[in-house]
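# Provided below are the primary sequence and the corresponding predicted coordinates.
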2 protein chains.
Amino acid sequence: MTPDGTTNETAAGRTRLERQLAFIIEADRLKGVLRRTTLCDGSRRENSAEHSWHLALMAMVFGQEAAEGIDTARVVRMVLVHDLVEIDAGDTFAYDAVGNEDREQREQRAAERIFGLLPPDQHAEFRALWDEFEAHATPEARLAVALDRLQPLLNNDVSGGGSWREHGITRAQVLHRMAPIERGLPALWPSVLDIVERNCALGYIRADVEAPSR
Amino acid sequence: MTPDGTTNETAAGRTRLERQLAFIIEADRLKGVLRRTTLCDGSRRENSAEHSWHLALMAMVFGQEAAEGIDTARVVRMVLVHDLVEIDAGDTFAYDAVGNEDREQREQRAAERIFGLLPPDQHAEFRALWDEFEAHATPEARLAVALDRLQPLLNNDVSGGGSWREHGITRAQVLHRMAPIERGLPALWPSVLDIVERNCALGYIRADVEAPSR
């Protein structure tokens, strides 16, 4: 066992600093993981690293509006690490039912490997943040999840329908996907509904199949 | 004057929420500002949004190593906003003496416009973080600046010389640029010197012009 409590055999002989640098360098790969959402100007698909930055900035802006006494700094930390598992597991499109079937298993393995690059104390700390995000159970996690839903909604709205339009997503699918915003960031919910209805009226979000056609 | 204290005429009639959303959407443009540094895999130039995310993650990892009692959460917030002025002012290459002459003026105007999109209380809060970063005067700002120097060093090292090699940067220029790391994150300084010397030996960083040739 090394002085910092390392027991992982594959990391034998690595100092605390070497492990931290290995994690930092590995994290760079998140910049190469592409999401379905585009930038607001529609010029290209967004990657998960810049998306995570955008969420952290949103947490700074909306933290105090979300709920009394929320720990905004933890929300920021949570969104900064929430997508790191995609380095191994890839980004699974929110509306892809098949891809989401084994998503959890793939992401659990990824979390073990990627956070496991860190020294044990930081491995535990970062892993706990990711577990908290995934569980959606604390006010901080609910805000983080709400921001993760709100950001692509804004980008799709500004870019003229974005991934909704490209993949023929329906109103019911969007509303189901956005539901966590009502709970995690209720001040924004009326704006979300406005955006959804406007994009339905424009034909960028498909009318629900079970609803009478317009 | 609006209920949230808005006096800026150009923002007349905008609610707090509308101002926050306008800022969030404007911030998306930072994803289109390219830096000279490439990703670690050398595949493309890095943009300032994903760079800011990388620094925030590094602040989480190195915060507790930097100095006793440092407010890591403020360092994280500082690096998240430190490059937003580049939306208007562009990224000025660290080794570009001419471009750096009017950099401060361009960035001051940009800060006024971009942070001014926010409601007045958040305008003041975000602006103060940026001013603190620029002044390099607090332990938190010194760590933030150190991370801002360390990250491109790591990327250049991993990608085989990166922007040093492309622009023929010398050892003296690199050491001058990296000097804030010795003060802001001293635990990393020996690693920085190792990386610089290794890249000099490989010819990726040019020997100093005044030094005898190797």
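Thanks, I have it.
# so where do the strands sit in chain A?
Remark: strands assigned in chain A by DSSP state E are A:34-38, A:45-47.
# where does the shortest one sit relative to the chain's centre, distance-wise?
Taking CA atoms, centre = their mean, to the nearest Å, one finds the center of strand A:45-47 at 13 Å from the center of the full chain.
# Likewise for the first one?
Taking CA atoms, centre = their mean, one finds the center of strand A:34-38 at 12 Å from the center of the full chain.
# closest one to chain B among the strands of chain A?
Judged by CB to the nearest CB, the one of the strands of chain A that comes nearest to chain B is strand A:45-47, at 6.6 Å. Heads up, the C-betas are built off the backbone N, CA and C, glycines and all.
# got the contact list for the closest one?
If you take CB atoms under 8 Å, 6 or more residues apart in numbering or on different chains as the criterion, strand A:45-47 is touched by A:30-39, A:155, B:31, B:50.
# So for stretch A:91-108, what gets flagged as buried?
For stretch A:91-108, a neighbour-count test (16 or more other CB atoms under 10 Å in any protein chain shown) marks A:Asp91, A:Thr92, A:Ala94, A:Tyr95, A:Arg106, A:Glu107 as buried.
# Need the max-distance pair from the contacts of strand A:45-47.
A:Gly32 and A:Asn155 (19.1 Å; CB to CB).
# Return the helix or strand in chain A with minimum mean pLDDT.
Across the helices and strands of chain A, mean pLDDT, DSSP states H and E gives its lowest value to helix A:162-167, namely a mean of 92.
# That one - contacts with which helices or strands?
Counting contacts by 3 or more CB pairs under 8 Å, 6 or more residues apart in numbering or on different chains; DSSP states H and E, helix A:162-167 is packed against strand A:34-38, helix A:139-158.
# Can you lay out the ones you listed as JSON lines showing mean neighbour count and distance to chain B?
Output for those, formatted as JSON lines (neighbours: other CB atoms under 10 Å in any protein chain shown; distance: least, CB to the nearest CB, whole Å):
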{"stretch": "strand A:34-38", "mean neighbour count": "20", "distance to chain B": "10"}
{"stretch": "helix A:139-158", "mean neighbour count": "24", "distance to chain B": "6"}
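# From B:Pro119, how far out is the most centrally placed residue in chain A?
For chain A, A:Asp148 is the residue whose C-alpha lies nearest the centre (CA atoms, centre = their mean; 4.7 Å). To B:Pro119, A:Asp148 is 23 Å away according to CB to CB, to the nearest Å.
# mind giving me a markdown table with the strands of chain A and columns for mean pLDDT?
Shown next, in a markdown table, are the strands of chain A (pLDDT from 0 to 100):
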| stretch | mean pLDDT |
| --- | --- |
| strand A:34-38 | 95 |
| strand A:45-47 | 97 |
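# export those to JSON lines and tack on distance to B:Ser163?
Converted to JSON lines, these look like this (distance: least, CB to CB, whole Å):
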{"stretch": "strand A:34-38", "distance to B:Ser163": "24"}
{"stretch": "strand A:45-47", "distance to B:Ser163": "20"}
